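Participant: When you get a sec, could you give me coordinates for this:
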Amino acid sequence: MEFLLLFAAPILQIILSVLRLVRKIALPLFIIFGIALFSGIICSFIAMRIVLDAMSQEAHGRGICGMPAMAALFAGVFITFVTTPLIAIVSYFINRYVQKTAKAKAPAVIPNKSTIL
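Facilitator: Numbering: from 1, shown residues only. I've put the predicted structure just below:
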């Protein structure tokens, strides 16, 4: 379960970026990137805490090693810091392409008598 939590932020960023590209939300891509980065870090700490809780329940009073929990934390931070910039860059170029093609397909302005001097 905690492994799926590590991918929550990139999936959230993909969903928000797609909604931005189809004009369902008006958040700038930079804000979406910030939200995904922040939520990825928070989800990494939550996954670490879940691993620690599961390990402490299995220990039954014995000492536990924290390396699996640290591995979950660093894996989550690594996944977040690798995927979120890549998704942001790809979303930016897709957004730029969509805007360029929309401008190219814009109808020509037909002058009327009020616009001609």
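Participant: quick one: the helices in the protein?
Facilitator: Here the chain has its helices, by DSSP state H, at 2-5, 8-21, 29-59, 67-104.
Participant: Mean neighbour count, those helices: which tops it?
Facilitator: Stretch with highest mean neighbour count among the helices of the chain: helix 8-21 (a mean of 18; mean count of other CB atoms under 10 Å). Placement of C-beta: from N, CA and C, glycine included.
Participant: what's in contact with that helix?
Facilitator: 25-29, 32-33, 35-37, 39-40, 43, 79-80, 83-84, 87-88, 91, 94-95, 98 (CB atoms under 8 Å, 6 or more residues apart in numbering).
Participant: picking that back up, in TSV, list the helices of the chain along with mean pLDDT.
Facilitator: What follows is the helices of the chain, written out as TSV (pLDDT from 0 to 100):
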stretch	mean pLDDT
helix 2-5	84
helix 8-21	93
helix 29-59	91
helix 67-104	91
